[in-house]
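Participant: Kindly generate the corresponding structure for this input.
(chains A, B, C and D)
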There are 2 protein chains.
Amino acid sequence: MISKDLLKGTLKTIVLRLLEENGRMYGYEITREVERLTEGKVQLSWGALYPALHKLESDHLITSEEESIGKRVRKYYRLTESGTSAAKEKIREFIDFVTIMGRVLDTGPSLNLA
Amino acid sequence: MISKDLLKGTLKTIVLRLLEENGRMYGYEITREVERLTEGKVQLSWGALYPALHKLESDHLITSEEESIGKRVRKYYRLTESGTSAAKEKIREFIDFVTIMGRVLDTGPSLNLA
DNA sequence: AATATACATATAAAATTCCGATATATCCAA
DNA sequence: TTGGATATATCGGAATTTTATATGTATATT
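Facilitator: I've put the predicted structure just below:
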């Protein structure tokens, strides 16, 4: 299980990146995909995810469209144009972050950056 | 400049690691060292650092000793025994975190882990 | 038929954490 | 004597996250 402190601040990066890769996804699907990719080591909480999605939407980085699945309503999100830029930027930022942190923490060869 | 969101949750890791490497340091020195190591890209704010140091001390991960430099008092911090373990653990956690995030974000060869 | 689990979105309360501003004070160089 | 670097510290507020709760459908198990 990954420390929650470290995950703080990466939620939006994760969401934007997954949407960039998969085109469109709904909330529940995002949590599932993250669990799958991390073999259960990262579990997004609903209380964090949904507010984050709403924030991204109000910032116009993503848009949503509701779809009826039987009697249930499912809300799909996809990136806007500025969301696509934001996703790329966030990834770059993350790589910078890891590079810099590697230097500060002097983690040695277990953390190599190209 | 590294995004503040990403730095969230790494402050204690940074402090513990620097103390592990340097034996003993005082607050101001820590901010200077981080600035030096990151070429100015990471600037710890006093408002974050001092409360963090106090928290680490009350958790018995570090201890402090005051020293007079001329008329000024300087507060040196060093790791306790459990602080040393905590430092190692935090580094391991960080490496795990980067490994997992690399998979989620699918950052490709720009982020290689041993 | 009843119950549990998975699916699905959402919010409110509480805790944490961090940032920006502010306060205080010394030392040294121009 | 003024400003910049050194040095520690706290307060108020903002932002984010966790926990808990609410609501309801669909499906599988017993």
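Participant: Mind jotting down where the helices sit in chain A?
Facilitator: For chain A, the helices defined by DSSP state H occupy A:4-7, A:11-22, A:27-37, A:46-58, A:81-105.
Participant: For the shortest one, name the packing helices and strands.
Facilitator: Other helices and strands packing on helix A:4-7, by 3 or more Cβ pairs under 8 Å, 6 or more residues apart in numbering or on different chains; DSSP states H and E, are helix B:81-105. The C-beta positions use only the backbone N, C-alpha and C, and glycine is treated the same way.
Participant: In terms of secondary structure, what does the helix it packs on contact?
Facilitator: With contacts taken as 3+ Cβ pairs under 8 Å, 6+ apart, helix B:81-105 sits against helix A:4-7, helix A:11-22, helix A:27-37, helix A:81-105, helix B:11-22, strand B:111-113.
Participant: hang on, isn't A:Y77 packed against A:T63?
Facilitator: Yes. Judged on Cβ atoms under 8 Å, A:Y77 makes contact with A:T63 at a distance of 7.1 Å.
Participant: Can you check which residues contact both of these two?
Facilitator: A:E57 (Cβ atoms under 8 Å, 6 or more residues apart in numbering or on different chains).
Participant: more neighbours, these two?
Facilitator: Applying other Cβ atoms under 10 Å in any protein chain shown to A:Y77 and A:T63 shows that A:Y77 carries more neighbours, namely 22 against 14.
Participant: tell me the contacts of the more buried one?
Facilitator: A:L19, A:R24, A:M25, A:Y26, A:G27, A:L53, A:L56, A:E57, A:I62, A:T63, A:S64.
Participant: And it, how far from B:V15?
Facilitator: A:Y77 sits 37 Å away from B:V15 when distances are taken as Cβ to Cβ, to the nearest Å.
Participant: And for A:N22?
Facilitator: Distance, A:N22 to B:V15, using Cβ to Cβ: 38 Å.
Participant: residues from chain A in reach of chain B?
Facilitator: A:2-10, A:12-14, A:17-18, A:21, A:34, A:37-38, A:41-42, A:91, A:93-98, A:100-101, A:103-107, A:109-114 (Cβ under 8 Å from any Cβ of the partner chain).
Participant: Retrieve the pLDDT associated with the spatially most central residue of chain A.
Facilitator: For chain A, the residue sitting closest to the mean C-alpha position, by Cα atoms, centre = their mean, is A:I14 at 1.5 Å. Here the pLDDT value assigned to A:I14 is 95.
Participant: Can you give me every residue that contacts it?
Facilitator: By Cβ under 8 Å, 6+ apart, A:I14 lies in contact with A:V34, A:L44, B:M101, B:V104, B:L105.
Participant: low-scoring stretches of chain A, by residue?
Facilitator: Applying pLDDT under 70 to chain A flags residues A:108-114.
Participant: Surely A:L105 and B:F94 touch.
Facilitator: Yes. Taking contacts as Cβ under 8 Å, A:L105 lies within contact range of B:F94: 6.5 Å.
Participant: about what we covered before: just the buried subset of the residues of chain A next to chain B, written out for ChimeraX, thanks.
Facilitator: To isolate the buried members of those in ChimeraX, using 16 or more other Cβ atoms under 10 Å in any protein chain shown:
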select /A:2,5,6,7,9,10,12,13,14,17,18,34,37,38,41,42,91,93,94,95,96,97,98,100,101,103,104,105,107,111,113
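Participant: give the contact list for A:R78.
Facilitator: Counted by Cβ under 8 Å, 6+ apart, A:R78 has contacts A:L19, A:G23, A:R24, A:I62, A:T63, A:E65.
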